[in-house]
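[1] Predicted model and sequence below, questions to follow.
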Amino acid sequence: MVHKVMLSPDGPKVSEIVYGTWRLLEGDPSPTTDALIERFEWCEELGLSTLDTAEIYGSYQVEAAIGEVFKARPSWRDSFEIITKCGIDVPSEEKGDASIAHYNATAANLRLCAEKSLKLLHTDHLDVLLVHRPDWLTSADETASAIENSSTTVWSCMWAFRIIPATSGTAQFPAGSSGGDQPGGGQPSPYGCVG
């Protein structure tokens, strides 16, 4: 049985092994909702209670597929933790305003993506919302304002990337953020937790 650990001092509690869903819909044909229910039953039996997904996975289709599982088995939402990611826009039907692939960690986009994820996943909350990749064109203050200016909190914890320039080993962080002296760029670090 897989044990649970605290992701941060304030939570959430997640399984030590996470079920990744990047290629969840691969296959010919793609798995049906019933086939996905069987996979999730297996996860539940093993104690794999944490699902890692992202808005972009499966050409923007994986969150909806997971949502169909929760729609068919609503009680499971309390049994699984959802970690999802956003902030990558690729030209597609889902991202009609994206003319080229780019990162978008603006506060407005993060809130929009979170609301979309809630709808697709058939849930009222996200356990963790991650910024998928560093967005070099959006300031950390702008990304952080997604937390600070949110009228309703739909995620219990939001993480962003700590950016440390490789040349100097130091970084500038906005007041109140999680600064630090760990070497390397793009290491995930709690930017802020909302709980």
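    Perfect, I can see it now.
[2] for this protein, what spans make up the strands?
    4-6, 13-15, 18-20, 50-52, 81-86, 88-89, 102-103, 128-131, 157-162, 187-193 (DSSP state E).
[3] strand partners of the second one, parallel vs antiparallel please.
    Okay, so that is strand 13-15. strand 4-6 (antiparallel) (DSSP bridges).
[4] Now do the partner strand, average pLDDT.
    Confidence for strand 4-6, expressed as mean pLDDT, is 93.
[5] ok, back up a step: ranking the strands of the chain by mean pLDDT, which is last?
    Among the strands of the chain, strand 187-193 scores lowest, with a mean of 35.
[6] What residues are bridge-paired with Tyr19?
    Leu51.
[7] give the contact list for it.
    Contact partners of Tyr19, counting by Cβ atoms under 8 Å, 6 or more residues apart in numbering, are Cys43, Leu48, Thr50, Leu51, Asp52. Yep, even glycine has a C-beta here, placed from its N, CA and C like the rest.
[8] which one of these sits closest to Glu63?
    Proximity of the contacts of Tyr19 to Glu63 (Cβ to Cβ) peaks at Leu51, which lies at 10.1 Å.
[9] roughly how far apart are the closest one and Lys71?
    15 Å (Cβ to Cβ, to the nearest Å).
[10] Compare the two and say which is more crowded by neighbours.
    It is Leu51, of Leu51 and Lys71, that has more neighbours when counted by other Cβ atoms under 10 Å, with 24 against 14.
[11] who touches the more buried one in this structure?
    So Leu51 contacts Val18, Tyr19, Thr21, Cys43, Ile66, Phe80, Glu81, Ile82, Ile83 (Cβ under 8 Å, 6+ apart).
[12] redo that, cut-off 7 Å
    Tyr19, Thr21, Ile66, Phe80, Ile82, Ile83 (Cβ atoms under 7 Å, 6 or more residues apart in numbering).
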